[in-house]
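Peer 1: Mind folding the following:
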Amino acid sequence: MYVQGFIVPVPADKQDAYREVAEKFWPIAHDNGAIEHVEAWEADVADGKQTDFRRAVALEEGEKVVFSWVTWPDKATADASNEKMMSDPRMQEFGEDMPFDGKRMVFGGFEPILEEGRPGGGYVDGFIAPVANDKREAYREMAAKAASIFIEHGALRDLEAWGVDTPVGERTSFPRSVEAKDGESVVFSFVEWPDEATRNAGWEKVMADERMQPGAMDMPFDGKRMFWGGFTPIVERGR
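Peer 2: This is a model prediction of the structure:
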């Protein structure tokens, strides 16, 4: 599987217009091999001390953050779909006036290194983290332990994906968003929950679980540059 991940700045009053664009996109992507498409609207996104979702897209006043992903069978299928979709006559229906600033949209391609549980749910915790390349396996092992705890306490799915195509943009990009250093890659991950209430109750249990306490688990990444937030899906296709 291959994951294309996105962080998008969208005017708060353009949610319906953004959803309509996403709904039109899915049949085109699906016809070219896409498996799943989720667009999740900002629900609980806090300002961080060093990095956060708002800074990732240089968010402007009156905008909200969208956390999104499209999954494919593999990278080859995703790459081949780009040219096919651009030549698809249905793409002409979108026009030039898109309900978001594409110049500040963050995008990249990721290879899953862990997936536990099943897709679905009404609430998403999204995470972006910088991880040293030589810590990939250590990160995967840590994530596997954490995933089992999340699912034990009510989560439906935990997916962790390693950046393999994360271009550095002039203004915004995944590497810039976590202030990635030489020898680091970006991890795009999310935990899905049935709903926000289950998530809040489950998160309390996760944080109180002795297996998640400081020192109980090695953290092979810089937590000060990792950022996360809560999102509510507004488009879910291919589930």
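Peer 1: When you work out contacts or count neighbours from here on, use the C-alpha atoms and nothing else.
Peer 2: Noted.
Peer 1: contacting residues around stretch 202-214?
Peer 2: Outside stretch 202-214, the residues that touch it by Cα atoms under 8 Å, 6 or more residues apart in numbering are Ala146, Ile149, Phe150, His153, Gly154, Ala155, Ala216, Met217.
Peer 1: at 10 Å instead, please
Peer 2: Contact with stretch 202-214 is made by 145-146, 149-155, 193, 196-197, 199-200, 216-218, as judged by Cα atoms under 10 Å, 6 or more residues apart in numbering.
Peer 1: contact partners of the least confident helix or strand in the chain by mean pLDDT?
Peer 2: When the helices and strands of the chain are scored by mean pLDDT, DSSP states H and E, helix 75-86 comes last with a mean of 92. For helix 75-86, contacts defined as Cα under 10 Å, 6+ apart pick out 1-4, 25, 28-34, 70-72, 87, 91-92, 109-111, 164-165.
Peer 1: among those, which are in strands?
Peer 2: Among these, the members falling in strands (DSSP state E) are Tyr2, Val3, Gln4, Val70, Thr71, Trp72, Gly109, Phe110, Glu111, Val164, Asp165.
Peer 1: now these as TSV including distance to Lys103 and pLDDT?
Peer 2: Putting these into TSV (distance: Cα to Cα, whole Å; pLDDT from 0 to 100) gives the following:
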residue	distance to Lys103	pLDDT
Tyr2	24	98
Val3	21	98
Gln4	17	98
Val70	19	98
Thr71	22	98
Trp72	24	98
Gly109	17	98
Phe110	21	98
Glu111	24	98
Val164	21	98
Asp165	18	98
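Peer 1: State the distance from the residue of the chain most remote from its centre to Arg19.
Peer 2: Here the chain reaches farthest from its C-alpha mean at Pro89, the gap being 28.5 Å by Cα atoms, centre = their mean. Using Cα to Cα, to the nearest Å, Pro89 is found at 20 Å from Arg19.
Peer 1: Do you have the strands of this protein handy? List them.
Peer 2: Under the criterion DSSP E, the chain contains strands at 2-11, 36-44, 63-72, 106-117, 123-132, 157-165, 184-193, 227-237.
Peer 1: Would you mark the buried spots in the fifth one?
Peer 2: Going by neighbour count (16 or more other Cα atoms under 10 Å), the buried part of strand 123-132 is Tyr123, Val124, Asp125, Gly126, Phe127, Ile128, Ala129, Pro130, Val131, Ala132.
Peer 1: and of the residues you listed, the nearest to Gly223?
Peer 2: Nearest to Gly223 among the buried residues of strand 123-132, counting by Cα to Cα, is Ala129 at 7.6 Å.
Peer 1: any idea how far Phe227 is from that closest one?
Peer 2: Ala129 sits 7 Å away from Phe227, going by Cα to Cα.
Peer 1: so what sits against both of these two?
Peer 2: With Cα under 10 Å, 6+ apart, Ala129 and Phe227 have common neighbours Thr51, Ser177, Val178.
Peer 1: Out of these, which sit inside helices?
Peer 2: Judged by DSSP state H, helices contain the following of the shared contacts of Ala129 and Phe227: Ser177.
Peer 1: any idea which of the shared contacts of Ala129 and Phe227 is the one closest to Arg239?
Peer 2: Using Cα to Cα, Ser177 is the member of these that lies nearest Arg239, at 28.9 Å.
Peer 1: circling back to that earlier point, check the contacts of helix 75-86 for burial and list the buried ones.
Peer 2: Buried members of these, counted by 16+ other Cα under 10 Å: 2-4, 25, 28-30, 32-34, 70-72, 109-111, 164-165.
Peer 1: Any regions of the protein where pLDDT drops low?
Peer 2: By pLDDT under 70, the chain contains no weakly predicted segment.
Peer 1: Apply 90 and report the result again.
Peer 2: For the chain, the stretches flagged by pLDDT under 90 are 82-97, 169-170, 213-219, 239.
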